[in-house]
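# Fold the following for me, if possible:
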Amino acid sequence: IGAVVGSGFGLVLGGTVGGAAGFVGAGAVGYGAYTRREDISAVAAKSRAKSMEVYGMAKQHAANCAASGRAKAVEVIAAIRQRVLASKALAQETAAAAKQMASARATAAK
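All right, here's what the predicted structure looks like:
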């Protein structure tokens with residue numbers, strides 16, 4: 001029975017002491033934050049300004065990368081178009097030469 005009573009008193013006393021310590025600690029933190037609220041606001045404003053600056057730089061970098069990618073794509077498309085036209089011209093020349101040879105052979109065979 002003594003152990004039960006002792007543990008009950010210990011629980012109540014521990015809860016009271018712990019609650020009081022927490023109350024005092026939280027009060028001290030709250031008071032400290034209240035007295036330094038202007039400093040905290042200044043730091044928060046400075047942090048926000050820096051974040052917006054970094055955001056702007058990142059946005060500009062992304063826009064530059066996109067523009068560079070578009071320019072490179074246009075260059076590649078132009079190069080491909082040039083190669084396709086050159087291949088087409090070569091194919092037309094080859095076809096014309098083959099047609100002439102076939103015509104010449106047909107004429108010679110007669």
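# can you give me the offset of the helix or strand hosting Arg70 from its chain's centre?
Following DSSP states H and E, the helix or strand that holds Arg70 is helix 37-109. In terms of C-alpha atoms, centre = their mean, to the nearest Å, the centre of helix 37-109 is found 22 Å from the chain centre.
# What is the least confident helix or strand in this protein?
The least trusted helix or strand in the chain, going by mean pLDDT, DSSP states H and E, turns out to be helix 2-35, with a mean of 71.
# per-residue confidence averaged over the helix holding Arg70?
Per-residue pLDDT over helix 37-109 has a mean of 94.
# Show me what that helix is packed against.
If you count contacts as 3 or more C-beta pairs under 8 Å, 6 or more residues apart in numbering; DSSP states H and E, helix 37-109 packs onto no helix or strand. Where you see a C-beta, it was placed from the backbone N, CA and C, and this is true even at glycine.
# so how many other residues sit close to Ile40?
Ile40 is flanked by 13 other residues according to other C-beta atoms under 10 Å.
# List the residues that contact it.
Ala33 (C-beta atoms under 8 Å, 6 or more residues apart in numbering).
# how close does it get to His61?
32 Å (C-beta to C-beta, to the nearest Å).
# now swap in Val84 and tell me
35 Å.
# Kindly report the same for Ile77.
25 Å.
# Likewise for Val4?
From Val4 to His61 the distance is 69 Å (C-beta to C-beta).
# Also Ala89?
With C-beta to C-beta as the criterion, Ala89 and His61 are 42 Å apart.
# got it, and Glu53?
Glu53 is 13 Å from His61, by C-beta to C-beta.
# Then Ala67?
11 Å.
# cool, Ala106 as well?
Taking C-beta to C-beta, one finds Ala106 at 67 Å from His61.
# cool, Arg83 as well?
33 Å.
# Phi first, then psi, for Arg36.
The phi/psi pair for Arg36 (degrees, to the nearest 10) reads phi -110, psi 20.
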